[in-house]
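Novice: sequence plus the predicted model coming up.
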Amino acid sequence: MGYFREFSVLKETRREFWGVQAINFLDSLYSFAFVMVATLFLTNNMGLGDISAGAALSWLGILTSIFFFAAGPIVDRYGVRKSLFLSLAIVTVIRLGMVACGFLAWLPYRVWIFLALMGLSGLPLSIKGTAYQIGIKRYTTKRSQSAGFNLWYIIMNIGAFGAGLVVHFIEAAQPGREHKEYVWVIVFGLVTAFLSFLSAWLFVRNDAQLGDETPGENVVKVASRSSWSGFDPRTYWRRLTRYVRMVVLEPAFVRMMAAMTLTLGVRMVFLYWSILSPKYWKRVIGPEAALGPLESINPLIIIVGLFLLVPIVSRFKTFSMMTYGCFIAALSLLPMVLPWTLWGSDPTRAYYLMSIVSMVAFSFGEIMFSPRLSQYILAIAPVGQEGIYSSFAAMPYFLAKTAVGFLSGLMLVRWCPEYRVLGGVLKPLRETLAAKTLPYWDTPEAMWLILAIAALAGPIVMVFLRNWFTRGMRNDPTVTSVGH
């Protein structure tokens, strides 16, 4: 009952909160499905190799990082509603172009057009991501903010779980086909974009802070603080850069960016699960690997875990829970590090078991740290600067995503290639693993060992610098929740 009391305060929210959650669900449904199949689509349907496919995803990360410079000020300036409509309009045009590239094999410069469109999708991604965070804060009261972030995370993971079912359905609809036609995932994205438009139109009508300010006051205050007026491009740019320079010199901003950087090792684990795992599973288990169900484990555990653990997790301070969660998530890679022979005599069963145990452990760590990252950002940000803090906080993650894209291709080539030499003949990787002839440092397990070491470094530093990281935090949502 304590759990449901935690969420009962959501009756204090406005309909805009539920509109943002509907868009969050639809966006997660498509985004996670696309990420699941992105490297496979680029290789199977666009003809790119492991390294080129990874570089293509890095291209998306680079442009998204650049776009995040503008996303925060855009949401601060124009509000959640207009920002959502802008991002959804761009999304629809981009996905139409991506679908055309997927189906029209004769299209000149088809691959380059697709990569350009995929890179440009970083603009609406950055705007929507910032709008979600600000919308949750703006459409909840101080009492309901913690429950609002928890519900946002639950709904996002329900969408992620549904994405696994979407991918499984698309694969199952193509039996016997080794290289699946994943362009249907993007077609599905067009449908979710239309439904998101409808949700925004019906529900998101107001930008005011619930319970604290009069309609429009929040937007006006931010616009006044940043001294934005007029539409002269040079004036706009000067005032924007002055505003950004003012923000980045603040001590709170430095602490926030340091925390976001030190958590990168752990958050990169999630990226590697997303980018490496599709090809990893197809190669160590075989083409018949159940990609969709495997990808659904993480969101399913998070959904169930949040329902079970929210009453316990919410009793801890934001930074403490964020740090504990990072440790658990980093240690979750240990099952992937152990040689598969320790899990049984059958490599298929062993790799399934290794992956499941690791993903379950990582999911519980993610339950603890991921929602707290967002709360930490908003707790340390000065009033009226939440948008720019949120957008800059996401930059290290997307810069890391850029590196992960390049590194994932190199790692696959080095530790998890499609073929290995066995008895002087090229054989599928799974056959060479089953033969037990590879030294440890040539197996996929060595790849996960390197990632585990990198993930553990950040949380260790954060423990020693705890007092510095928590200096100046205001309105920690965990202490304003019902019952606390």
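Specialist: Cool, got the structure.
Novice: so where do the helices sit in the stretch 151-300 of the chain?
Specialist: Along the stretch 151-300 of the chain, counting by DSSP state H, counting those that start in this stretch, helices occupy 183-203, 217-225, 233-248, 251-262, 264-284, 291-313.
Novice: which residue ranges of the stretch 351-484 of the chain form strands?
Specialist: Shown for the stretch 351-484 of the chain, the strands assigned by DSSP state E, counting those that start in this stretch span residues 419-422, 425-428.
Novice: from the chain's centroid, how far away is the longest helix seen in the chain?
Specialist: Secondary structure assigned by DSSP state H gives helix 50-103 as the longest helix of the chain. Here helix 50-103 is found 14 Å from its chain centre; the criterion is CA atoms, centre = their mean, to the nearest Å.
Novice: packing partners for that helix?
Specialist: helix 15-44, helix 110-120, helix 122-138, helix 183-203, helix 217-225, helix 233-248, helix 264-284, helix 386-415 (3 or more CB pairs under 8 Å, 6 or more residues apart in numbering; DSSP states H and E). All C-beta atoms are positioned from the backbone trio N, CA, C, and that covers glycine.
Novice: can we see that at 6 Å?
Specialist: Here helix 50-103 touches helix 15-44, helix 110-120, helix 122-138, helix 183-203, helix 217-225, helix 386-415, going by 3 or more CB pairs under 6 Å, 6 or more residues apart in numbering; DSSP states H and E.
Novice: for those, which one ends up most surrounded?
Specialist: helix 122-138 (a mean of 25; mean count of other CB atoms under 10 Å).
Novice: what's that helix packed up against?
Specialist: By 3+ CB pairs under 6 Å, 6+ apart, helix 122-138 packs against helix 50-103, helix 386-415.
Novice: before we move on, the earlier item: and the strands of the stretch 351-484 of the chain as TSV, adding mean pLDDT?
Specialist: Output for these, formatted as TSV (pLDDT from 0 to 100):
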stretch	mean pLDDT
strand 419-422	84
strand 425-428	86
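Novice: between these, which one is closest to residue 113.
Specialist: strand 419-422 (30.8 Å; CB to CB).
Novice: what about dumping the CA coordinates of the closest one to CSV?
Specialist: As requested, the backbone C-alpha atoms of strand 419-422 are provided in CSV (Å, rounded to 0.1, in the frame of the first residue of the first chain):
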residue,chain,number,x,y,z
TYR,A,419,33.7,-15.6,-38.6
ARG,A,420,36.9,-17.0,-37.0
VAL,A,421,39.5,-19.4,-38.3
LEU,A,422,39.0,-22.9,-37.1
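Novice: if we can go back for a sec, between the helices of the stretch 151-300 of the chain, which one is nearest to residue 167?
Specialist: Short answer: helix 291-313, nearest of the helices of the stretch 151-300 of the chain by CB to CB, at 4.2 Å.
Novice: downstream of that closest one, the next helix or strand is which one?
Specialist: The helix or strand immediately downstream of helix 291-313 is helix 318-331, counting by DSSP states H and E.
Novice: residues of the helix or strand following that following helix that come out buried?
Specialist: Per DSSP H and E, the first helix or strand lying C-terminal to helix 318-331 is helix 334-337. Under the neighbour-count criterion of 16 or more other CB atoms under 10 Å, helix 334-337 has 335-337 buried.
Novice: could you export the residues you listed as TSV, including pLDDT?
Specialist: Formatted as TSV, the buried residues of helix 334-337 follow (pLDDT from 0 to 100):
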residue	pLDDT
335	93
336	94
337	94
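Novice: and which of these is nearest residue 241?
Specialist: Comparing those against residue 241 with CB to CB places residue 336 closest, at 44.4 Å.
Novice: tell me if I'm right that the closest one and residue 357 touch.
Specialist: No - counting by CB atoms under 6 Å, residue 336 sits too far from residue 357 to count as a contact (8.8 Å).
Novice: so for these two, which residues contact both of them?
Specialist: Taking CB atoms under 6 Å, 6 or more residues apart in numbering as the contact rule, residue 336 and residue 357 have no neighbour in common.
Novice: returning to that earlier point: from the buried residues of helix 334-337, which single one is nearest residue 31?
Specialist: After measuring the buried residues of helix 334-337 against residue 31 - CB to CB - the closest member comes out as residue 336, at 24.6 Å.
Novice: quick one: pLDDT of the closest residue to residue 264 other than its chain neighbours?
Specialist: The shortest distance from residue 264 to any non-neighbouring residue, by CB to CB, 6 or more residues apart in numbering, is to residue 400 (4.8 Å). Looking at residue 400, its pLDDT is 73.
Novice: off-centre distance for stretch 257-275?
Specialist: 10 Å.
Novice: ok, and for that stretch, which residues are buried?
Specialist: Using 16+ other CB under 10 Å as the test for burial, stretch 257-275 gives 257-275.
Novice: residue contacts, the residue lying closest to residue 353 once chain neighbours are set aside?
Specialist: Once flanking residues are discounted, residue 353 sits nearest to residue 343: 5.1 Å by CB to CB, 6+ apart. Neighbour list for residue 343: 350, 353-354 [criterion: CB under 6 Å, 6+ apart].
Novice: just the buried residues from those, in ChimeraX please.
Specialist: In ChimeraX, selecting the buried portion of the contacts of residue 343, with burial taken from 16+ other CB under 10 Å, looks like this:
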select :350,354
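Novice: tabulate the contacts of residue 343 (JSON lines), appending pLDDT and distance to residue 325.
Specialist: Below are these laid out as JSON lines (pLDDT from 0 to 100; distance: CB to CB, whole Å):
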{"residue": "350", "pLDDT": "93", "distance to residue 325": "28"}
{"residue": "353", "pLDDT": "94", "distance to residue 325": "24"}
{"residue": "354", "pLDDT": "93", "distance to residue 325": "22"}
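Novice: wait, which of the contacts of residue 343 is closest to residue 66?
Specialist: residue 354 (37.3 Å).
Novice: what's the nearest residue to that closest one if we skip its chain neighbours?
Specialist: What sits nearest to residue 354 in space, not counting adjacent residues and going by CB to CB, 6+ apart, is residue 335, at 5.0 Å.
Novice: report the rounded mean pLDDT for stretch 159-168.
Specialist: 88.
Novice: then it to CSV, C-alphas only?
Specialist: As requested, the backbone C-alpha atoms of stretch 159-168 are provided in CSV (Å, rounded to 0.1, in the frame of the first residue of the first chain):
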residue,chain,number,x,y,z
GLY,A,159,7.5,1.3,-24.3
ALA,A,160,10.9,-0.4,-24.3
PHE,A,161,9.3,-3.7,-23.5
GLY,A,162,6.7,-3.2,-26.2
ALA,A,163,9.5,-2.4,-28.6
GLY,A,164,11.0,-5.9,-28.1
LEU,A,165,7.6,-7.4,-29.0
VAL,A,166,7.4,-5.2,-32.1
VAL,A,167,10.8,-6.4,-33.2
HIS,A,168,9.9,-10.0,-32.4
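Novice: now it, how far from the centre of its chain.
Specialist: On CA atoms, centre = their mean, the centre of stretch 159-168 falls 15 Å from the chain's centre.
Novice: how about it: buried residues?
Specialist: For stretch 159-168, by 16+ other CB under 10 Å, it's 159-164, 166-168.
Novice: got CSV for these, with distance to residue 369 too?
Specialist: Listed next are those as CSV, based on distance: CB to CB, whole Å:
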residue, distance to residue 369
159, 20
160, 17
161, 20
162, 23
163, 22
164, 22
166, 27
167, 26
168, 28
